[in-house]
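**Q** Sharing a model that was predicted from the sequence below.
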Amino acid sequence: MSSVVPEGWEQTDIGASCAVLDSKRIPVNSQERAERKGIYPYYGANGIQGYIDGFIFEGEHLLLAEDGGYFDEWDSRPISYLVDGKFWVNNHAHILKAKSGSLTRFVHYSLVHKNILKHINGGTRAKLNQSDMRDIKFLLPPLPEQKKIASILTSVDEVIEKTESQIAKLQDLKTGMMQELLTKGIGHTEFKDSPVGRIPVGWEALRLREVTIQIRDGNYGADYPKSSEMLPSGVPFLTSTVVGNEQNIIFEKLKFISKEKHTQLAKAHIKTNDVLFTNRGANVGNVALVPPALDDANIGPQLTFLRVDETVITPIYLYIALQANSFKEQLRQLDSGSAMNFFGIGTTEKFLFAVPSLKEQEKISNSIFSIFKNAEVLTEKLKVLKMTKKSLMQDLLTGKVRVKTD
């Protein structure tokens, strides 16, 4: 923490600025909670754990994880929670309320992304003891400034929450439309049984090998680029981390290799509109469409590229179909059972899809892809909002930028 204290501010700590209400916490085991279901939130170290039929606290309070918190991830995940209303708290979260002269909401913003690792006790489960917690220091401006700063950050939080809600609604809409259009199509009245369930008459159930001209894994073994061969620029080299949970390319995670190495790894040169499939690991099943910017890039062994036969299926339709719940069910059924959840080409090419005519594929894809794009725009907006909030917190909570109070 900086030793510079802005004029009119003071350096304080949790013990001096907050009442610690830990003695009022009451843990309730999961079996008892199952018998006492209700409307009141039951909080633990990292937010709501469920709902219960009673409450022990009321009004605005601050919860700070005692054990099991995201202490190591303080920069990207919250370590404190602002709660209000009527609620219950177990013994895995410290509960605080600001004393006179301090604002609970301001204290929350001062702590929510604060590095407090020096106060954490190690062991099998990282723990923030109450005595250590009381010593956590932060800067405290006069109450009018606290209120103004908290109001500004709350306004940003409200926009963030609204944007997150809009994204969640679009995701629900996307899931519903995919379920409807990928199984029933548009305007069909006659259906037939197939290996993938009831589908419109005129559609076909085809395996992935029947709709592609090439299925190929990335480079591995002796040819795989060593860390010393990775460059700050050059030919893009994609690993599984590049294909995110949003089913798109995360350009910030691209690696690069030389043209010479790229030529040596000719096996896995990808093209625009290839579909990438993560074939192993925790994010197995993630997919992405190769954009023009990555034409003739290279991929590692955790990725498989699927090059479609465009006389049978469009790249966008396959990209969408690989995100459907019916496909995720196939992943579970065809899982090799290994610890790595690995899908080799022999398994991947067996995936089944309901395939309509190219004309109907285009209509279905356009309907669903528009939701994808709207969600993508909102997701980018959310990233900007979170960056803006982070910058505001750095400026406002240190006094680098002072606010005017009436």
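**A** On my side now, so go ahead. On a predicted model such as this, the values are computed, not experimentally measured, just so you know.
**Q** Output the longest helix belonging to this structure.
**A** Ranked by residue count and defined by DSSP state H, the top helix of the chain is helix 143-184.
**Q** Let's test this: mean pLDDT of that helix, rounded?
**A** For helix 143-184, the mean per-residue pLDDT is 95.
**Q** Sheet-wise, list the partners of the following helix or strand past that helix with their directions.
**A** Remark: after helix 143-184, the chain's next helix or strand is strand 191-192, criterion DSSP states H and E. Strand pairing for strand 191-192, using DSSP bridges, gives strand 199-200 (antiparallel).
**Q** what sits up against the partner strand?
**A** With contact meaning CB atoms under 8 Å, 6 or more residues apart in numbering, strand 199-200 is reached by 183, 184, 185, 188, 190, 191, 192, 205, 354, 356. To be clear about C-beta, it is placed using only N, CA and C from the backbone, and glycine gets the same treatment.
**Q** mind redoing it with 10 Å?
**A** Strand 199-200 has contacts (CB atoms under 10 Å, 6 or more residues apart in numbering) with 182-194, 205, 354-356, 360.
**Q** ditto for stretch 391-401
**A** Under the contact criterion CB under 10 Å, 6+ apart, stretch 391-401 has outside partners 1-2, 4-9, 106, 109-114, 138-141, 145, 148-150, 152-153, 155-156, 402-403.
**Q** Only whichever of the contacts of strand 199-200 are buried, select them in ChimeraX.
**A** Selection of buried members from those for ChimeraX, criterion 16 or more other CB atoms under 10 Å:
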select :182,183,185,205,354,355,356,360
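**Q** Would you state the helices of this structure in chain order?
**A** For the chain, the helices defined by DSSP H occupy 14-17, 30-35, 104-111, 130-134, 143-184, 208-211, 259-264, 315-321, 325-334, 345-348, 358-396.
**Q** now the angle from the fifth one to helix 104-111?
**A** Calculated by axes from the mean of the first three to the mean of the last three CA atoms, to 10 degrees, helix 143-184 forms an angle of 70 degrees with helix 104-111.
**Q** other SSEs contacting helix 143-184?
**A** strand 80-83, helix 104-111, strand 199-200, helix 315-321, helix 325-334, strand 352-355, helix 358-396 (3 or more CB pairs under 10 Å, 6 or more residues apart in numbering; DSSP states H and E).
**Q** In contact with residue 78, which residues are there?
**A** By CB under 10 Å, 6+ apart, the contact set of residue 78 is 46, 47, 63, 64, 65, 69, 70, 108, 111, 112, 113.
**Q** Roughly how far does residue 114 sit from residue 11?
**A** From residue 114 across to residue 11, the span is 14 Å (CB to CB, to the nearest Å).
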